[in-house]
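> model this:
(chains A, B and C)
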Amino acid sequence: MHMADALLSPAVGGTMWGVAAGTIAYSSMKVKKELDERKIPLMGVLGAFIFAAQMINFTIPATGSSGHLGGGLLLAILLGPHAAFLTIASVLVVQSLFFADGGILALGCNIFNLGFFPAFIAYPFIYRGIAGGEPGKARLTAAALIAAVAGLQLGAFSVVLETVASGISSLPFSAFVMLMQPIHLAIGIVEGLVTASVVSFVAAARPEIISAAAPGSLAGVPLRNTILAFLVAALLTGGVFSWFASEKPDGLEWAIAGVTGSEEVTGTEDALHTMLASLQEKIALLPGYAFRETGGADDKWAELGHPAMAPEDSGRIGTSMAGAIGAAISLMLAFGIGFALKRQLVGEK
Amino acid sequence: MRSIDGAILDLKRLDLLATGDSLIHRLDARAKVLTTLVFIISVVSFDRYEFTALFPFFLYPVVTASLANLPGGYIVRKIGLVIPFALVVGVLNPLFDREVLVRLGPLAVTGGWISCASIIIRSVLTVGAAVILVGVTGFLAVCQALEKLGTPRTFTVQLLFLYRYIFVLTEEGARASRARELRSCGRKGLGLASFGSLIGHLLIRTWLRAERIHMAMLARGFTGEFHSRQVSAFGWRELGYVAGWSILFVALRLENGAQWLGRLVTGLLS
Amino acid sequence: MSHHIVAVKHLQHVYADGTVALQDVNFTIHHGESVAIIGANGAGKSTLLLHLNGYLTPTAGEIRIGDFPLTKQTLPEIRRTVGMVFQDPDDQLFMPTVFDDVAFGPFNLGLPSDEVRQRVREVLEQVGAAHLMEKPPYHLSGGEKKRVAIATVLSMSPDILVMDEPTSGLDPFARRQLIGLLKNFRHTRIFTSHDLDMVLELCERTIILHQGVVKADGPTPEIFGDEALLAQCRLEKPLSMQGCPMCGQGRREQRNAGRKGSGGVNDS
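Okay, here's the model as predicted:
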């Protein structure tokens, strides 16, 4: 359930970057405070382990298809919430950069969806609550199962909210929820079973690893702080999302408006438009129809969104034809320039 | 990530690209990280029905990859791997969004198809930008840039540890997995039980390795602080690079470059 | 010169699960000596090495490095004095580039960065790896990794070098290269190894560890001459001292004569 940049609006992506960055800063501080410097290489190496583990498949019972470990809950059990969150975040950073698994802008969303819920909700409140101190195998399996399912359900729901709020996909909220939640119920059950089987193997073979992790992690979770952090995050995201969902302003402009104040932006934009328009008139290669008719780049499609109000006329087709031709030309230009640059480089050598 | 060995080779290849030497490689990593961010934000900030205006943005990945002498085929293949995922989500749009937005002769194009196409182009651009960023910068430098841009050190240091040991552990995992596959006939033996103990073993070995690494750190006087050297500086060149591209991106964002170019040409012809 | 002495007295180590790894280990190693600690798997070699730079604390007994007993206060100084090279270089090379890795120790010693830079260059040239400076460790070959791992320790200018299985996993050429390198060091050297031919070539003295105690301690040729002792400790003569499988003639006399004659006839 890695989200991609292509489905995200800058406002949602940016907000989630902020949330993720804040949680990373908070968790880093916590880990540093614990003064357990042993954890630094351990976190990194366990992160690499998650990569290795994700590449190994197993057959899902009764279905014949294969699955792999997600690892969020496992890391939380081994490292405690803060260190686990940082480790999951770094796994996602590497995935986004090297495997194009989830984009750079979507990183904030992915870190929040796949890191926050298992580390700060599913593990401390569900897994520890059910598993207690030294669980037997059945108890441990139940705890891992419920925690994994809960963590993934929350994560999946969060994906739905972020996608709908971004407004790039046309999937309605209800359909998306109906699609995501059941799929992630299945994934969650598998994840829970796998986590339980790995944890119980390690607990039997090397009990000190599991027990070394447990006490530190309990001490590391002040319940109040976690709840507070969750509330703040929920309010923040909820607030921002609902506002965007209702207003759906253009993302970049919103971002610029946030920095410079909205009037200035429209001012410069208008100026740019008139400047370009006059430039075109000066070049005089174009008949006068195009510019006024299509308006700015922003309201053009808004008009198009209401076909009744925008009857198809030659101008419109002319516009879209020009667009298509222009797109093709710009593509050719881009690659032409690239090719020329490369030729030149090779020539220099 | 289907084939483990393939994934490892791929990772190594991308990592080696960053050791190249070119105008782009020599720039400070922060400049490249910032430019990539501005690029991605500009691309994804378009309205969902925007299609043609996205094309001029190809200039950035193509020019950067050429200047840095990255192998085009490899980059295209990397991007190609991700397209199916974009397609899966994008192809739902035509189902839900059936309003006809444009008619090209007899062909009625609905908003859903336009936004689907838009999603695919967005994917190609954003994924391409990310792959190229790593290819011209390298993971180490990206991490250093992140640290200089304010990421906590605890995070970046363990990020580097993670990256360092991916190579060791994926190979270890591949060996274990191969051994299991060779001894399981068809699908039997590849189930949850053997998976749990295989991964468990791998986990224990990983844990012991982490202890040995910590030992090696202590043996060389580690006291909890990481020292790093300053390798590059953010100078005028970097400023120019970021500013130049950013201005272009914002301009292309505000004005549909393809439309403009198209009219220029059709105007010429008519 | 008492500064470089390694003295181990009545060392005992019992692990948390009750396994007795070292029962009662005694030996003294003097300045400039090159000593091999050999023994079967599970004899306690690794446990012993981990005591020499204070990673493990003795259950009983004492370790003295130079003039200091090994205590919490002397630990930082002793870790600088005793350079430890691990068996798996991947455990030792954890930084992003060779430079960073070799510089890790000197930076921790608090040296200014100019001096660190100079030291890194020097030790990398010493081990013949200066050209690898900017490479990430995972792009190195096994032999290169090993030499860089040694450089990471040399950069802290230790007086005593401790190496766990230096030649394991190396191809014949890389092994030969490494032996040539180690021969030129004038540090006090302590090795553990199953590569008994290397021991024969590099160490004038050998200590056999067997079930947590020192079973034998003496000049290497003498130890390897005692077949009964070796068999008892699950060891055997180095291959170069055994008869030739093709012609059936022993090569031991020949080799010993060679060693006496020039002292280093088989350099790489």
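> State the pLDDT value of the residue in chain A that chain B sits nearest to.
For chain A and chain B, the shortest gap (C-beta to the nearest C-beta) falls at A:Gly44, measuring 2.3 Å. (Each C-beta comes from the backbone N, C-alpha and C, glycine too.) Note on A:Gly44: pLDDT of 89.
> Thought B:Tyr165 was touching it, still the case?
Yes. When contacts are counted by C-beta atoms under 8 Å, A:Gly44 is listed as touching B:Tyr165 (6.4 Å).
> how about whatever residue of the stretch 101-250 of chain C ends up closest to chain A, what does it touch?
Here the stretch 101-250 of chain C gets closest to chain A at one residue, C:Tyr138, 11.1 Å apart by C-beta to the nearest C-beta. With contact taken as C-beta atoms under 8 Å, 6 or more residues apart in numbering or on different chains, C:Tyr138 is in contact with B:12, B:164, B:167-168.
> cool, B:Ile213 as well?
A:41, A:45, B:161, C:91, C:94.
> burial measure for the second one, as a count.
Spelled out, it's A:Val45. 28 (other C-beta atoms under 10 Å in any protein chain shown).
> now the third one
B:Phe161 has 26 neighbours, counted by other C-beta under 10 Å.
> who touches it in this structure?
Counted by C-beta under 8 Å, 6+ apart, B:Phe161 has contacts A:40-41, A:43-45, A:47-48, B:213, C:94.
> What separation is there between it and B:Glu171?
Distance from B:Phe161 to B:Glu171, counting by C-beta to C-beta, to the nearest Å: 17 Å.
> go on, B:Pro94?
Distance from B:Pro94 to B:Glu171, by C-beta to C-beta: 44 Å.
> and A:Ser170, that one's in a helix?
No. Judged by DSSP: H, G, I helix; E, B strand; the rest coil, A:Ser170 forms no part of a helix; its state is coil.
> that older thread, excluding chain neighbours, what is closest to the residue of chain A closest to chain B?
B:Phe161 (2.3 Å; C-beta to C-beta, 6 or more residues apart in numbering or on different chains).
> Which residue comes closest to C:Ser168 once chain neighbours are left out?
C:Gln87 (6.2 Å).
> okay, now the one you found: neighbour count?
Neighbour tally, C:Gln87, other C-beta under 10 Å: 20.
> Report the secondary structure element holding C:Val162.
strand C:160-164 (DSSP states H and E).
> average pLDDT for that strand?
Mean predicted confidence for strand C:160-164 is 93.
> tell me what it is packed against?
Secondary-structure packing of strand C:160-164 (3 or more C-beta pairs under 8 Å, 6 or more residues apart in numbering or on different chains; DSSP states H and E): helix C:45-52, strand C:82-85, strand C:188-192.
> can you pull the buried residues of the helix or strand bottoming out on mean pLDDT in chain B?
When each helix and strand of chain B is scored by mean pLDDT, DSSP states H and E, strand B:100-104 comes last, with a mean of 74. Buried residues in strand B:100-104, defined by neighbour count with 16 or more other C-beta atoms under 10 Å in any protein chain shown: B:101-102.
> Could you do stretch C:177-190 as well?
Those would be C:177-179, C:181-182, C:187-190, for stretch C:177-190 by 16+ other C-beta under 10 Å.
> Now do the SS call for the closest residue to B:Leu37 other than its chain neighbours.
Nearest residue to B:Leu37, sequence neighbours excluded (C-beta to C-beta, 6+ apart): A:Ile104, at 7.1 Å. Assigned with three-state DSSP, A:Ile104 falls in the coil class.
> contacting residues for A:Ile104?
A:5, A:96-97, B:36-37, B:40, B:126, B:129-130, B:133.
> tell me the pLDDT at A:Pro301?
Heads up, residue A:301 is Trp, not Pro. 36.
> and what of B:Ser232?
pLDDT, B:Ser232: 68.
> and what of B:Leu17?
87.
> And A:Thr226, by the same measure?
Residue-level pLDDT assigned to A:Thr226 equals 50.
> A:Ile121 too?
For A:Ile121, the predicted pLDDT is 90.
> Could you do B:Leu202 as well?
89.
> And the one 3 residues further on, by the same measure?
Per-residue pLDDT puts B:Arg205 at 88.
> So is the helix or strand harbouring A:Val93 next to chain B?
Using DSSP H and E, the element containing A:Val93 is helix A:81-98. Yes. Using C-beta under 8 Å from any C-beta of the partner chain, helix A:81-98 comes into contact with chain B via A:86-87, A:89-91, A:93-94, A:96-98.
> So among the residues you listed, where is pLDDT lowest?
Lowest confidence among these: A:Phe98, with 82.
> What residues does it make contact with?
B:11, B:14, B:134, B:139.
> I'd like to know how many residues surround the second one.
Other residues within reach of B:Leu14, judged by other C-beta under 10 Å, total 21.
> Can you verify B:Leu160 is assigned to a helix?
Yes. Counting by three-state DSSP, B:Leu160 falls inside a helix.
> what's the spacing between the nearest residue to A:Ala148 once chain neighbours are set aside and B:Leu252?
Nearest residue to A:Ala148, sequence neighbours excluded (C-beta to C-beta, 6+ apart): A:Gly192, at 3.5 Å. As judged by C-beta to C-beta, A:Gly192 and B:Leu252 stand 47 Å apart.
> Can you show me the strands along the chain?
I went with chain A, as the question did not name one. For chain A, the strands defined by DSSP state E cover A:58-59, A:66-67.
> my bad, chain C
Counting by DSSP E, the strands of chain C are C:6-14, C:20-29, C:34-38, C:60-65, C:68-69, C:82-85, C:160-164, C:188-192, C:205-210, C:213-219.
> Which of those strands comes out lowest on mean pLDDT?
Among the strands of chain C, strand C:68-69 scores lowest, at a mean of 84.
> Show me the contact partners of that strand.
C:62-63, C:74, C:77-78.
> switch to 7 Å and redo it
For strand C:68-69, contacts defined as C-beta atoms under 7 Å, 6 or more residues apart in numbering or on different chains pick out C:62, C:74, C:78.
> wait, the last one sits on C:Asn53?
What it means is C:Ile78. Yes. In this structure, C:Ile78 is within contact of C:Asn53 by C-beta atoms under 7 Å, at 6.4 Å.
> List the contacts of B:Gly135.
B:14, B:17-18, B:68, B:70.
> for C:Pro76, same thing?
So C:Pro76 contacts B:Gly221 (C-beta under 7 Å, 6+ apart).
> Give me the pLDDT value at the residue in the stretch 151-300 of chain A that chain C sits nearest to.
With C-beta to the nearest C-beta, the shortest gap between the stretch 151-300 of chain A and chain C falls at A:Glu208, namely 7.9 Å. Note on A:Glu208: pLDDT of 76.
> before we move on, what about C:Ala231?
On pLDDT, C:Ala231 comes in at 91.
> Please report how far it lies from C:Glu204.
23 Å.
> hang on, the earlier thing: could you dump the contacts of A:Ile104 into TSV with distance to A:Gly129 added?
Putting these into TSV (distance: C-beta to C-beta, whole Å) gives the following:
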residue	distance to A:Gly129
A:Asp5	37
A:Ser96	32
A:Leu97	36
B:Thr36	42
B:Leu37	40
B:Ile40	40
B:Thr126	40
B:Ala129	43
B:Ala130	39
B:Leu133	42
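> now, which of those residues sits nearest chain C?
For these, the nearest to chain C is A:Leu97 (14.7 Å; C-beta to the nearest C-beta).
> For that closest one, the count of nearby residues, please.
22.
> Spit out the contact partners of it.
Counted by C-beta under 7 Å, 6+ apart, A:Leu97 has contacts B:130, B:134, B:139, B:142.
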